[in-house]
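Colleague: predicted model and sequence follow; I will ask about them next.
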Amino acid sequence: LLMKSIPQLILFASLCVPAFAADSPALVLNLPGSGSDPERIDWKNLPVLKGQHAVVCPHDEQWKFQLHNYLLHHDGKYWCMWSHGPEVEDLPTQHVRYATSDDGLKWSESKILSGPPEEGRAYIARSFWVRDGELLALAASYKGKGAFGVDKDLKLVAFAWDKPSGTWQQKGVVFENAINNFAPQKLSTGEWMMTRRDARFNVSMLIGGTKAFNDWRVVPVIDRLVAVRTTKLSPDEPVWWEQPDGLLVGAMRDNGGSNRLFATFSKDHGQTWSAPVKT
């Protein structure tokens, strides 16, 4: 199982935010030796990281689909969770499984985390979240094939690890009509924040999570229909991170055909976001 790489690749770049025209690409790459020009990167001479390879969960002829994998080190061991399905992505009966390891190389036999979904429904693994010392596993739940469209009953739910019994227990709904990509992260204000797409691909931020795991306020970022009309951006899989000076950076891939990431920025701890700009 391979970790999704886009957020990690973005984080290798230090952010540079100059003034730019609305139709100019936003500069989000500034590397030692090659600056902001990706054509100057000497790919052949980049360092090669050495390591050992381990299979977390072998291929299964009955359950052929494995994706959306997340990794966490907590309470002295590694935890891995992923979506486990019959054929292709996001079909009904898809559920969430997990495994643990002391060293990241020898893994336990996988077990079901979410429990089987109700008939006609599916789960998508959506990352681990350690909140006030409690280990939570997040999953999107929805009806039919795929999480997006009409009448999906999409919701983000949480499962809590019960250490005495060694089992996951459903804790409740984190937010209705929501799917994230990564667990909430702490803002410098002390609040949690995570990206959210609804069943229509509109992008917003959920801010809060301090009073309760399901206590959030919604900050709109992108209305998909408006974005498609104005910039032809069809936003998907948003991520965010905070710069040392407090500037928040959001990035999302474009399903509209540009093959570019779009960037959006917030200078007020996520309360407002700039119009997305092609990078």
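Modeller: Nice, I can see it.
Colleague: mind listing what the residue nearest the centre of the chain touches?
Modeller: Geometric centre of the chain, nearest residue: Asn181, 1.9 Å, by C-alpha atoms, centre = their mean. Asn181 is in contact with Arg126, Ser127, Thr195, Glu237, Pro238, Val239, counting by C-beta atoms under 8 Å, 6 or more residues apart in numbering. For every residue, glycine as well, the C-beta is placed using N, CA and C.
Colleague: show me these that map onto strands.
Modeller: Mapping the contacts of Asn181 onto strands (DSSP state E) picks out Arg126, Ser127, Thr195, Glu237, Pro238, Val239.
Colleague: run through the bridge partners of the last one.
Modeller: To tie it back to what came earlier, the one meant is Val239. Going by DSSP bridges, Val239 is paired in beta bridges with Ala251.
Colleague: now it: how far from Leu135?
Modeller: 22 Å (C-beta to C-beta, to the nearest Å).
Colleague: okay, and the residue nearest to the centre of the chain sits in which element?
Modeller: Following DSSP states H and E, there is no helix or strand that holds Asn181.
Colleague: then Leu225?
Modeller: helix 224-231.
Colleague: how about low-confidence regions in the stretch 1-150 of the chain?
Modeller: 1-25 (pLDDT under 70).
Colleague: helices of that one, start to end?
Modeller: Here the stretch 1-150 of the chain has its helices, by DSSP state H, counting those that start in this stretch, at 6-12.
Colleague: can you give me the strands in it?
Modeller: 65-74, 77-85, 95-101, 111-112, 121-131, 134-143 (DSSP state E, counting those that start in this stretch).
Colleague: how about those strands in TSV, adding distance to Val277?
Modeller: Formatted as TSV, those follow (distance: least, C-beta to C-beta, whole Å):
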stretch	distance to Val277
strand 65-74	28
strand 77-85	32
strand 95-101	35
strand 111-112	42
strand 121-131	27
strand 134-143	28
